[in-house]
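Trainee: mind looking at a prediction? Sequence and model below.
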Amino acid sequence: MAAATANCVSTSCYSVTSAREGYGRHQAGGGGAASLPRTAFCGEKVAASLKAQAWLPAAAPQLRRSASMSGRLQVSSVLAERVDQTIVDTEEKERVDPRTVVSIILGGGAGTRLYPLTKRRAKPAVPIGGAYRLIDVPMSNCINSGINKVFILTQFNSTSLNRHLARTYNFGKINFGDGFVEVLAATQTPAGTEWFQGTADAVRQYLWLFEDAKNKVVEDVVILSGDHLYRMDYLDFVQKHRDSDADITISCVPMDDSRASDYGLMKIDDEGRVLYFNEKPKGAALKSMQVDTTVLGLSPDEAKAKPYIASMGIYVFKKEVLLKLLRWRYPTSNDFGSEIIPAAAKEFNVQAYLFNDYWEDIGTIKSFFDANLALTAQPPQFSFYDATKPIFTSPRYLPPTKIEQCQVKDSIISHGCFLRNCSVEHSIVGIRSRLESGAVLKDAMMMGADYYETEEEIAQMLKAGKIPLGVGANSRISNCIIDKNARIGKNVIIANTDNVQEALRPEEGFYIKTGVTVVEKNGIIKDGTVI
């Protein structure tokens, strides 16, 4: 361990590796102990030019914004407030080589909780944020993390997902070295005629891929979900996994009482090792899962407000451990969260990795709707507008949106839209959307369309009594998701004023799920309809 002084530290990239209960390992200039406010979470990466001044705790929030991957020094302490004291203790560690990491994105099951949005598409293909699809989130995180070996496992309604991936992430057109994106569909073979029975079984059926020559250098496997909204550096996740010599590392978020029972919860020891895992506990079982979250770097106040550690359903496995678990140790276990992880925690080194940033599981209509509308806040908790870590999607080459005498407030308007004398408030308007004169959109998500209709086609349709794509004149829509290629006529009111929670009306082109009205894909809502 080498002590770095104030006069010899230059600009570099550091990763805090031993912050515990708000403090690192402190070493003052005279060799005594120093006590400073918390400056970073364990595993957090910061960059700074210390030169002739100390690294002050107040500077930490600004330093955290940097995501430089340069350098190999990792800070194990943040120390003094005086320039003549030791600033940091450093040790040289090997950074994770992204070529030794492969990611597997789970396409999910039938998506019943997101139905009818999953009626004709897989969950990861569901549009989000006006111009993206859910799969773009983990795919972009992989690219921004430097991981270019990606498998995507699919089973249900995978056509649109496959099309989007082929158009957006075709690494063959650019020199990505040994990188690839491969879609692995559920299939039947002479050795097995079963479809995927769960998340673990889906991975098990393709374990033979890790024996291919192109995957020989792989040391760790990152398991990801295709229906989460967050921004994460997976290499930091893998670094923590390797530094702790873990067999399995689970990415987790601190959680409060109101939502804890919806997730798999963990009990950990003072070193962050997972001792016990309980999937969606209730009542007394829930209370028994409270832990001291200061162990992972939360302040005492934060730990009191969020006394639970919830699994994000994101894991890192040592490759050999994954093979052993799925092939030999638990060959009949089909799910990671409810079977593999709880059993493995009893005999393997399973570690927790704190992700104390925005993360949302958007696997239900309500959570999906709320997460989308939250994007319109200023500033939003999650933003697609990050030049350093962008979220990628398919290039569509659409023209700018045209707005004629409209009122638009706290909304996101995607490209290629036509808005005429309408009002849009706290809403998302997707690509190629059309809103006619007098239309009002409030607290709504409109996914847009896959194609245009010309002015001549629209005129002919109206003359024939048919309904064009988009929202017709004088229609008022609120608390609603409008799926792609929907046709909403004139003078329609969608407000659910009776607060109906559940209704299935596919013959009329809509559903109501947890109080949110969903106009299905290609749905037609006739003129004058009131919902």
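Mentor: Perfect, I can see it now.
Trainee: so how far is the biggest strand by length in the chain off the chain centroid?
Mentor: Assignment by DSSP state E gives strand 308-318 as the longest strand of the chain. Distance of strand 308-318 from its chain centroid, counting by C-alpha atoms, centre = their mean, to the nearest Å, is 13 Å.
Trainee: buried residues in the helix or strand following it?
Mentor: Using DSSP states H and E, the helix or strand that follows strand 308-318 in sequence is helix 319-324. For helix 319-324, a neighbour-count test (16 or more other C-beta atoms under 10 Å) marks K319, V321, L322, L323, K324 as buried. C-beta coordinates here come from the backbone N, C-alpha and C atoms, glycine included.
Trainee: same check, this time on stretch 179-187
Mentor: Buried residues in stretch 179-187, counted by 16+ other C-beta under 10 Å: G179, V181, V183, L184, A186.
Trainee: same question for stretch 100-109.
Mentor: For stretch 100-109, the neighbour count (16+ other C-beta under 10 Å) marks V101, V102, S103, I104, I105, L106, G107, G108, G109 as buried.
Trainee: over to stretch 248-261?
Mentor: I248, T249, I250, S251, C252, V253, P254, M255, A260, S261.
Trainee: could you tell me which of those belong to strands?
Mentor: I248, T249, I250, S251, C252, V253, P254, M255.
Trainee: what ranges do the strands span in the stretch 351-500 of the chain?
Mentor: Listed in chain order, the strands of the stretch 351-500 of the chain (DSSP state E, counting those that start in this stretch) span 359-361, 402-404, 407-409, 412-413, 418-420, 423-425, 428-429, 434-435, 440-446, 470-471, 476-482, 487-488, 493-494.
Trainee: quick one: strands adjacent to the second one?
Mentor: In other words, strand 402-404. Here strand 402-404 is paired, per DSSP bridges, with strand 418-420 (parallel).
Trainee: and for the partner strand, what are the contacting residues?
Mentor: Outside of strand 418-420, the residues within contact range by C-beta atoms under 8 Å, 6 or more residues apart in numbering are 401-406, 408, 413, 429, 433-437, 470.
Trainee: one more time with 7 Å, if that's ok
Mentor: Residues outside strand 418-420 that contact it (C-beta atoms under 7 Å, 6 or more residues apart in numbering): K402, I403, E404, C406, R434, L435, E436, S437.
Trainee: neighbour-wise, give me the winner out of the residues you listed.
Mentor: Using other C-beta atoms under 10 Å as the neighbour test, the contacts of strand 418-420 are led by L435, with 28 neighbours.
Trainee: what residues are up against it?
Mentor: L419, R420, C422, L441, G470, V471.
Trainee: go on, L373?
Mentor: By C-beta under 7 Å, 6+ apart, the neighbours of L373 are H426, D443, M445.
Trainee: nearest to T294, of those residues?
Mentor: H426 (37.4 Å; C-beta to C-beta).
Trainee: what's the local residue count around the closest one?
Mentor: Neighbours of H426 (other C-beta under 10 Å): 16.
Trainee: and for N349?
Mentor: N349, neighbours per other C-beta under 10 Å, totals 17.
Trainee: ok, G438 next?
Mentor: When counting by other C-beta under 10 Å, one arrives at 17 neighbours for G438.
Trainee: same check on R99?
Mentor: Residues lying near R99 (other C-beta under 10 Å) number 16.
Trainee: quick check: it vs V440, distance?
Mentor: 53 Å (C-beta to C-beta, to the nearest Å).
Trainee: ok so, going back, closest one of the buried residues of stretch 179-187 to R113?
Mentor: Nearest to R113 among the buried residues of stretch 179-187, with distances taken as C-beta to C-beta, is A186, at 19.7 Å.
Trainee: quick one: contacts for the closest residue to that closest one other than its chain neighbours?
Mentor: Nearest residue to A186, sequence neighbours excluded (C-beta to C-beta, 6 or more residues apart in numbering): Q155, at 4.0 Å. Shown in contact with Q155 (C-beta under 7 Å, 6+ apart): G107, A185, A186, W195, F196.
Trainee: just flag the most distant two among those residues.
Mentor: Between all members of the contacts of Q155, the farthest pair (by C-beta to C-beta) comes out as G107 and W195, at 12.4 Å.
Trainee: part of a helix, is V222?
Mentor: No. Using DSSP: H, G, I helix; E, B strand; the rest coil, the secondary structure at V222 is strand, not a helix.
Trainee: for the nearest residue to it once chain neighbours are set aside, list each beta-bridge partner.
Mentor: With C-beta to C-beta, 6+ apart as the criterion, V222 has its nearest non-adjacent residue at 4.3 Å, and that residue is S103. Note on S103: beta-bridge partners V150, V222, judged by DSSP bridges.
Trainee: just L229 next, same as before
Mentor: Under the criterion used (DSSP bridges), L229 bridges to E360.
Trainee: wait, it sits on F382?
Mentor: Yes. Contact criterion C-beta atoms under 7 Å: L229 and F382 qualify, at 5.8 Å.
Trainee: higher neighbour count, the two?
Mentor: More crowded of L229 and F382, by other C-beta under 10 Å: L229, with 24 against 20.
Trainee: compute the distance between the nearest residue to N141 once chain neighbours are set aside and A486, please.
Mentor: Counting by C-beta to C-beta, 6+ apart, M232 is the residue found nearest to N141 once chain neighbours are left out, at 5.3 Å. M232 is 33 Å from A486, where distance means C-beta to C-beta.
Trainee: these two: who's more crowded?
Mentor: Applying other C-beta under 10 Å to M232 and A486 shows that A486 carries more neighbours, namely 26 against 23.
Trainee: contact partners for that one?
Mentor: So A486 contacts V519, N522, G523 (C-beta under 7 Å, 6+ apart).
Trainee: with L323 instead?
Mentor: Residues near L323 by C-beta under 7 Å, 6+ apart: L207, F210.
Trainee: what's the spacing between it and L209?
Mentor: For L323 relative to L209 (C-beta to C-beta), the value is 11 Å.
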